[in-house]
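Chemist: what's the 3D shape of this:
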Amino acid sequence: MSYDPNDRDDVSERRTRRKAKASQEQRDIQRVCETAEGRRVLARILSATGRETASFTPGDALMTAYLEGKRSVGILLHAQIINAGDHLPRAILAENVQGDD
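Modeler: Numbers count the residues shown, from 1 in each chain. Next up is the predicted model:
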């Protein structure tokens, strides 16, 4: 079956499928965040990606590309967490800050 962007039914069907997929992804993230273990795992992954650090490495384009790839994964995961619920990033951060004692 081919997609015709000029066919309203095709556009509507694709939009419905895209929304259903996004909703499932949001529910998956919410489910992971229901447990302290899930929140800790997500916090470790986000931390390991270096999402909030500079990826540029002077004189080493390959290392810069590698670090930017890691950072890109962190940015994507963070966006998915935000889309799943605005409170989730704060819950993950608060729990991990309290756990550092």
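Chemist: could you say what helices and strands the longest helix seen in the chain packs with?
Modeler: The residue-count maximum for a helix in the chain (DSSP state H) belongs to helix 8-33. Helix 8-33 sits against helix 36-49, helix 61-84, helix 88-98, with contacts defined as 3 or more C-beta pairs under 8 Å, 6 or more residues apart in numbering; DSSP states H and E. Placement of C-beta: from N, CA and C, glycine included.
Chemist: Return the set of buried residues in that helix.
Modeler: Of all the residues in helix 8-33, those buried under the rule 16 or more other C-beta atoms under 10 Å are Gln26, Ile29, Val32, Cys33.
Chemist: Surely the last one is in contact with Ala43?
Modeler: This points to Cys33. No: when contacts are counted by C-beta atoms under 8 Å, Cys33 is not listed as touching Ala43 (10.3 Å).
Chemist: Common neighbours of these two, please.
Modeler: Residues touching both Cys33 and Ala43 comprise Ile92, with contact defined as C-beta atoms under 8 Å, 6 or more residues apart in numbering.
Chemist: what's the neighbour count on Ala48?
Modeler: The local packing count at Ala48 equals 11, with neighbours defined by other C-beta atoms under 10 Å.
Chemist: And the helices and strands packed on helix 8-33: which comes nearest Arg18?
Modeler: Ranking the helices and strands packed on helix 8-33 by their distance to Arg18 (criterion: C-beta to C-beta) puts helix 61-84 first, at 13.1 Å.
Chemist: and the angle for the closest one with helix 8-33?
Modeler: Following axes from the mean of the first three to the mean of the last three C-alpha atoms, to 10 degrees, one obtains 90 degrees for the angle between helix 61-84 and helix 8-33.
Chemist: Cool, thanks, signing off.
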